[in-house]
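**Student:** Mind looking at a prediction? Sequence and model below.
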Amino acid sequence: MHEFSGIYPVMLTPFAADDRIDWEGYANLIDWYIDRGANGLFAVCQSSEMFLLTLEERVSLARFTVEHVAGRVPVVASGHISESKEAQKREMRDIAETGVDAVVFVTNRFAARGEPSGTLIARMQEVMHNLPSDMKLGLYECPAPYRRLLTGDEFRWVADNGHFAFLKDVSCDLDVVRARIALAKGSPLAILNANAAIAWPVMQEGGAGFSGVMNNFHPDLYRWLWDHGATHPDLAAELDTFLVLAAMSEAHGYPKLAKRFHRRLGTFASEQTRAITYDLPERHWAIDEVLDQIRDGAERFRAKIAALPEAPAAKA
């Protein structure tokens, strides 16, 4: 098992009604992820609303996550949102000093649309020189403000470099992921898929796991697929269909959607979100009924899993 493999939730940032970070709620959320089988945690990412957080808030989130996790699972965090190299160096250094297990580079911060591969690689190298030589690195093809997928040449450079431990793949294309898995073979680079529609197929193809937004709803079900899907192919196929259909709800105001889900669970008290300012039910009709169906459908699959011989426990 690769150190950065398995189920890696992209973490939410709970806010209180006054828009400050709800640290008690955040601690509850960390425990919720781990109790439901997360192999690791991805803090300070787009789901965390990183582009709307100050540097102080981002550093505090990374440090709090490391301290509260207390070694139970690895913690990775995005290092930067700025465009200037000097600002990125400061951001990366500050995140690295929080004690995270890996600092995650965001590809679209190193090259604007249309800029050549040499630009992206040169900028990554310059920032890398400002970090401790033993700092483990990850890459995130964050879809905002635009999706910057690695080219073939860039991917080969990352795989061969030796410092990069994983890529959060946002290609959302099974053929692309399959090719990347083959190219990364024998290197330290693990490929974690971000798209729920291909989560199970990527696992079957040898991918290193799943790091998508739906881990904010039922990470235990993805963990069961990861651990046991191959030995229960019929149930895995049935579960995969449910997970793919449930993931279509992401378009209904995520990450506020996930915060509404957790407010209803009691993980934290407010669905306050900087990224989504409108009221969910006003724009997305019957959204609470959708969340009910996601919750109830997940419970039915937990019951099926629990009924299997020597079934692992699944927490709701």
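**Tutor:** Looks like it arrived, so ask away.
**Student:** residue ranges for the helices of the stretch 1-150 of the chain, please.
**Tutor:** 23-35, 55-69, 85-96, 117-128 (DSSP state H, counting those that start in this stretch).
**Student:** which residues are contacting the third one?
**Tutor:** Translated: helix 85-96. 44, 55, 58-59, 62, 77-82, 103, 109, 123, 126-127, 130-132, 135 (Cβ atoms under 8 Å, 6 or more residues apart in numbering). C-beta here means a position set from N, CA and C on the backbone, and glycine is covered the same way.
**Student:** are any of those buried, and which?
**Tutor:** 44, 58-59, 62, 77-81, 103, 109, 123, 127, 131, 135 (16 or more other Cβ atoms under 10 Å).
**Student:** hang on, the earlier thing: rank the helices of the stretch 1-150 of the chain by pLDDT, which is bottom?
**Tutor:** Note on these: helix 117-128 shows the lowest mean pLDDT, a mean of 90.
**Student:** returning to that earlier point: quick one: which of the helices of the stretch 1-150 of the chain is nearest residue 288?
**Tutor:** helix 23-35 (20.1 Å; Cβ to Cβ).
**Student:** how much does the closest one deviate in direction from helix 55-69?
**Tutor:** 50 degrees (axes from the mean of the first three to the mean of the last three Cα atoms, to 10 degrees).
**Student:** Could you check helix 23-35 and say which residues are buried?
**Tutor:** Buried positions in helix 23-35, judged by neighbour count with 16+ other Cβ under 10 Å: 25-30, 32-34.
**Student:** Of those, which is the nearest to residue 183?
**Tutor:** Of the buried residues of helix 23-35, the one sitting nearest to residue 183 (Cβ to Cβ) turns out to be residue 33, at 30.3 Å.
**Student:** how about the closest residue in space to that closest one that isn't next to it in sequence, what does it touch?
**Tutor:** Among residues not flanking residue 33 along the chain, residue 9 sits closest, at 4.9 Å (Cβ to Cβ, 6 or more residues apart in numbering). Neighbour list for residue 9: 33, 38, 41-42, 211, 215-216, 219 [criterion: Cβ under 8 Å, 6+ apart].
**Student:** if you set the cut-off to 6 Å instead, what comes out?
**Tutor:** 33, 38, 215, 219 (Cβ atoms under 6 Å, 6 or more residues apart in numbering).
**Student:** As TSV, these with distance to residue 268 would be great.
**Tutor:** Output for the contacts of residue 9, formatted as TSV (distance: Cβ to Cβ, whole Å):
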residue	distance to residue 268
33	13
38	17
215	17
219	17
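**Student:** ok, and the most crowded of these?
**Tutor:** Highest neighbour count within these, by other Cβ atoms under 10 Å: residue 215, with 28 neighbours.
**Student:** So that one versus residue 297, what's the distance?
**Tutor:** Computed with Cβ to Cβ, to the nearest Å, the distance linking residue 215 and residue 297 is 16 Å.
**Student:** what does residue 126 give?
**Tutor:** From residue 126 to residue 297 the distance is 48 Å (Cβ to Cβ).
**Student:** Check residue 95 too.
**Tutor:** From residue 95 over to residue 297 (counting by Cβ to Cβ), the distance is 37 Å.
**Student:** Low-confidence ranges, the stretch 201-316 of the chain, go.
**Tutor:** Within the stretch 201-316 of the chain, the segments meeting pLDDT under 70 span 311-316.
**Student:** where do the strands sit along it?
**Tutor:** For the stretch 201-316 of the chain, the strands defined by DSSP state E, counting those that start in this stretch cover 209-210.
**Student:** where do the helices sit along it?
**Tutor:** 219-228, 233-247, 256-265, 280-283, 287-306.
**Student:** Specify the stretch among those helices that is closest to residue 21.
**Tutor:** By Cβ to Cβ (comparing all of these), the closest turns out to be helix 256-265, at 12.8 Å.
**Student:** Buried residues of the closest one, list them for me.
**Tutor:** By 16+ other Cβ under 10 Å, the buried positions in helix 256-265 come out as 256-263.
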